[in-house]
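Colleague: Curious how this folds, go ahead:
(one chain, ligands or ions: 3)
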Amino acid sequence: MDFELKTLNSKGPQGGRADAVIMPVPEGWQAGGDAVSGLAAQAHGHGDLPTKPGKVLQMYRPEGPGPRRMVFVGAGQGTAREVRQAVAAALSAIKSPDMRVLALHLGGLKDVGEAVVRATMLAVSDVSYTYTATKSRPQPRALRAVEIWVPDPTALRNGVARAAALVGGMELAREWANRPGNHATPRMLAKAAKDLAGSNGISCEVLDEKAIRRLGMGSFLAVAQGSAQPPRFIILKYKGAAASQAPVVLVGKGITFDTGGISIKPAPEMDEMKFDMGGAASVLGVFAALAKARPAVNVVGLIPTCENMPDGLAVKPGDVVTSMSGQTIEILNTDAEGRLILCDALTYASRFKPAAVVDIATLTGACVIALGAVRSGLFSPDDALAGALAAAGESALDPCWRMPLDDDYAEGLKTNFADVANVAGRAGGSVTAAKFLQRFATGYPWAHLDIAGTAWKSGAAKGATGRPVALLFEYLCSLEAQPSVKAQPRRSAGRAR
Ligand code: BES
Ligand code: MN
Ligand code: ZN
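Modeller: Ligands and ions are numbered 1, 2, ... in the order given. The predicted model follows:
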């Protein structure tokens with residue numbers, strides 16, 4: 001799907017090749033000089049032009065040549081959020097398999113900045129993305145081109161290019177998260193990562209079970225040992241800045257299916273645990289976006305990936321394992337497996353002397369209870385990092401909410417049989433999970449995003465959302481201009497390790 005900026009002249013999309021045109025209409029709308037605006041002015045004159053967010057007025061073959069379908073859709077105050085909602089509603093109303101070219105007429109909006117244009121692009125992607133990978137008769141999306149008609153395209157060129165990169169990354173993340181467990185195994189995820197490495201500025205290394213063992217990742221391997229599918233540890237690198245610039249490390253939970261292991265989950269909705277690699281998928285998506293947009297930052301992506309299965313060889317409640325950090329862990333509940341694979345990746349992350357490490361995980365049902373599907377959970381002891389991620393979430397329309405990390409929350413992780421237990425009680429479950437991770441995230445600024453509620457939708461609209469690719473990409477792009485993301489002092493070259 002291509003996005004094209006178009007200059008809104010007197011003809012506008014009416015003179016073009018679009019099959020349909022969508023025009024968001026804010027409160028206090030004022031007619032422009034083009035044909036579509038002329039029609040809207042007539043509707044306005046009769047009080048028929050909707051401005052309430054998401055309300056639509058649809059037309060078929062209005063006078064003259066041009067698009068068959070036309071939709072005016074209310075956009076409230078014209079904020080990015082409202083415009084996204086408006087375009088999504090309008091496109092849902094007219095979505096048809098033969099729509100190849102869609103025109104977005106943004107001339108009625110007062111402030112057509114980068115944020116608003118990106119919002120329209122995200123809405124089109126959101127509604128038009130079609131999952132086909134495991135259908136016998138795939139009906140892929142026909143939409144090839146999206147024309148974005150604005151009075152002055154010049155100032156928006158860079159923004160649209162970045163947003164197009166983001167859209168591609170989000171769709172890749174959705175695609176991998178949507179694929180069922182037998183079509184998205186650890187080895188398949190590794191292949192997807194390797195495929196990305198062909199593109200601009202990206203390299204990829206994949207560690208197999210033997211190499212993971214050599215690193216001493218006993219916690220990660222304990223989760224993997226119950227599965228016939230071998231685990232993989234994926235290392236992606238994006239180099240957009242000088243090597244002296246310390247990278248941001250993204251760590252994505254890659255449980256390709258979570259049965260719970262011996263602490264097995266109940267049957268209802270267990271299928272949704274194919275989405276338990278949503279964190280990993282978001283890392284892949286971010287790298288796809290980076291390769292296209294090429295911002296001047298360095299980023300490392302780490303993906304520990306395996307299945308969590310019950311088996312004769314599976315790890316058992318009460319087993320004690322030794323993590324890469326040397327800390328021993330009593331696995332009281334094998335369903336708390338995400339933290340067990342992440343902790344070793346967090347230890348591994350320190351070798352990059354990172355400017356920051358952000359892990360992304362569908363980690364706890366408790367986070368879904370706390371924040372629902374609206375905001376991801378943000379946990380960080382670092383105010384600056386938390387602030388930057390929260391701000392990125394707001395501006396990318398991919399919001400998160402900071403949660404506490406008081407040490408008192410770690411009390412329940414104490415055990416008589418190891419350095420730490422992998423679960424505390426039911427209370428504050430998303431926080432105690434974060435407290436577990438925090439023990440391993442030492443020596444660098446760290447944040448954890450619990451995306452259990454935001455990575456996918458349940459019910460009739462079941463499917464991956466591509467979150468939080470937008471938040472992460474926005475955060476990484478925001479670092480570009482900041483000279484403060486310098487490498488931490490390195491040990492002198494000659495010193496023995
Ligand atoms: N992948 C799940 C978390 C999850 C559950 C996400 C439901 C979205 C919906 C995770 O591995 C898990 O099972 N967590 C347990 C932790 C508990 C055993 C402490 C949970 O949340 O129940
Ligand atoms: Mn689990
Ligand atoms: Zn899980």
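Colleague: Quick check, Phe3 in contact with Ala164.
Modeller: Yes - counting by CB atoms under 8 Å, Phe3 does reach Ala164; the two are 4.9 Å apart. Any C-beta I mention is one placed from the backbone N, CA and C, and that applies to glycine too.
Colleague: so what sits against both of these two?
Modeller: Met121 (CB atoms under 8 Å, 6 or more residues apart in numbering).
Colleague: Can you pull the residues of this protein lying near ligand 1?
Modeller: Contacts of the chain with ligand 1, taken as CB under 6 Å from any ligand atom, map to 258, 276, 333, 335-338, 362-366, 368, 423, 429, 452.
Colleague: Filter those down to the buried ones and hand me the ChimeraX line.
Modeller: Restricted to buried positions by 16 or more other CB atoms under 10 Å, the ChimeraX selection for the residues of the chain next to ligand 1 reads:
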select :258,276,335,336,337,338,362,363,364,366,368,423,429,452
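Colleague: Tell me which of the residues of the chain next to ligand 1 fall in helices.
Modeller: Counted as lying in helices by DSSP state H, out of those, are Gly338, Gly365, Ala366, Val368, Gly429.
Colleague: is it true that the first one touches Thr362?
Modeller: I take that to be Gly338. Yes - applying CB under 8 Å, one finds Gly338 in contact with Thr362, separated by 7.1 Å.
Colleague: anything in contact with each of the two?
Modeller: Residues touching both Gly338 and Thr362 by CB under 8 Å, 6+ apart: Lys253, Ile255, Asp276.
Colleague: who touches the second one in this structure?
Modeller: Right, the one you point to is Ile255. With CB under 8 Å, 6+ apart, Ile255 has these contacts: Val223, Met273, Asp276, Met277, Thr305, Cys306, Glu307, Asn308, Glu337, Gly338, Ile341, Thr362.
Colleague: Give me the subset of those residues that also touch ligand 2.
Modeller: Glu337 (CB under 5 Å from the ion).
Colleague: pLDDT value on the nearest residue to Gln327 once chain neighbours are set aside, please?
Modeller: Nearest-residue entry for Gln327: Asp419, 4.5 Å, with adjacent residues in sequence omitted and distances by CB to CB, 6 or more residues apart in numbering. Asp419 carries a pLDDT value of 99.
Colleague: Repeat that for Pro483.
Modeller: 57.
Colleague: in the worst-scoring helix or strand of the chain on mean pLDDT, what counts as buried?
Modeller: Lowest on mean pLDDT, DSSP states H and E among the helices and strands of the chain sits helix 35-45, with a mean of 92. Buried residues in helix 35-45, counted by 16+ other CB under 10 Å: Ala35, Val36, Ser37, Gly38, Leu39, Ala40, His44.
Colleague: what's the answer for stretch 354-363, then?
Modeller: For stretch 354-363, by 16+ other CB under 10 Å, it's Pro354, Ala355, Ala356, Val357, Val358, Asp359, Ile360, Ala361, Thr362, Leu363.
Colleague: can you list the residues that contact the next helix or strand after the least confident helix or strand of the chain?
Modeller: Later in the chain than helix 35-45, the nearest helix or strand by DSSP states H and E is strand 56-60. The set of residues external to strand 56-60 that reach it, using CB under 8 Å, 6+ apart, is 39, 43, 48-50, 68-74, 89-90, 93-94.
Colleague: can you tell me which of those residues lies nearest to Met23?
Modeller: Phe72 (5.2 Å; CB to CB).
Colleague: Count the neighbours of Ala388 for me.
Modeller: 20 (other CB atoms under 10 Å).
Colleague: Next one: the residue in the stretch 301-450 of the chain that ligand 2 sits nearest to, what pLDDT does it get?
Modeller: Going by CB to the ion, ligand 2 is nearest to Asp335 of the stretch 301-450 of the chain, at 3.9 Å. According to the prediction, Asp335 has pLDDT 98.
Colleague: Most neighbours of all the contacts of strand 56-60, which one?
Modeller: Going by other CB under 10 Å, Ala90 tops these with 32 neighbours.
Colleague: so where does it fall, helix or strand?
Modeller: Here Ala90 sits within helix 80-94, counting by DSSP H and E.
Colleague: got the angle for that helix vs strand 56-60?
Modeller: Helix 80-94 runs at 40 degrees relative to strand 56-60, counting by axes from the mean of the first three to the mean of the last three CA atoms, to 10 degrees.
Colleague: For the helix or strand just after helix 80-94, what does the pLDDT average out to?
Modeller: Moving toward the C-terminus from helix 80-94, the next helix or strand (DSSP H and E) is strand 101-105. Averaging pLDDT along strand 101-105 yields 97.
Colleague: now swap in stretch 63-78 and tell me
Modeller: Average pLDDT, stretch 63-78: 90.
Colleague: Contact distance from ligand 2 - what residues of the protein qualify?
Modeller: The chain comes close to ligand 2 at residues Asp258, Asp335, Glu337, as judged by CB under 5 Å from the ion.
Colleague: Just send the residues you listed back as TSV, with distance to Glu147 too.
Modeller: Listed next are the residues of the chain next to ligand 2 as TSV, based on distance: CB to CB, whole Å:
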residue	distance to Glu147
Asp258	42
Asp335	48
Glu337	46
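Colleague: So which of those residues would count as near ligand 3 as well?
Modeller: Applying CB under 5 Å from the ion to the residues of the chain next to ligand 2, those adjacent to ligand 3 are Asp258.
Colleague: can you give me the helices for the chain?
Modeller: Listed in chain order, the helices of the chain (DSSP H) span 35-45, 80-94, 114-128, 157-178, 186-196, 209-215, 218-224, 278-293, 338-349, 365-371, 383-395, 429-438, 469-479.
Colleague: which of these sits most buried?
Modeller: Comparing the helices of the chain by mean neighbour count (mean count of other CB atoms under 10 Å), helix 278-293 ranks first with a mean of 29.
Colleague: count of residues packed around the nearest residue to Asp48 once chain neighbours are set aside?
Modeller: Here the nearest residue to Asp48 in space, its sequence neighbours aside, is Leu57; by CB to CB, 6+ apart that works out to 6.1 Å. Close neighbours of Leu57, defined as other CB under 10 Å, add up to 18.
Colleague: And Leu236, by the same measure?
Modeller: What Leu236 shows, counting by other CB under 10 Å, is a neighbour count of 25.
Colleague: Which pLDDT value belongs to it?
Modeller: On pLDDT, Leu236 comes in at 98.
Colleague: Let me see the contact set for it.
Modeller: Counting by CB under 8 Å, 6+ apart, Leu236 has contacts 193, 196-197, 202-204, 283-284, 287, 300-303.
Colleague: With pLDDT added, can I get those in JSON lines?
Modeller: Output for the contacts of Leu236, formatted as JSON lines (pLDDT from 0 to 100):
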{"residue": "Ala193", "pLDDT": "98"}
{"residue": "Leu196", "pLDDT": "97"}
{"residue": "Ala197", "pLDDT": "95"}
{"residue": "Ile202", "pLDDT": "98"}
{"residue": "Ser203", "pLDDT": "98"}
{"residue": "Cys204", "pLDDT": "98"}
{"residue": "Val283", "pLDDT": "99"}
{"residue": "Leu284", "pLDDT": "98"}
{"residue": "Phe287", "pLDDT": "98"}
{"residue": "Val300", "pLDDT": "99"}
{"residue": "Gly301", "pLDDT": "99"}
{"residue": "Leu302", "pLDDT": "99"}
{"residue": "Ile303", "pLDDT": "99"}
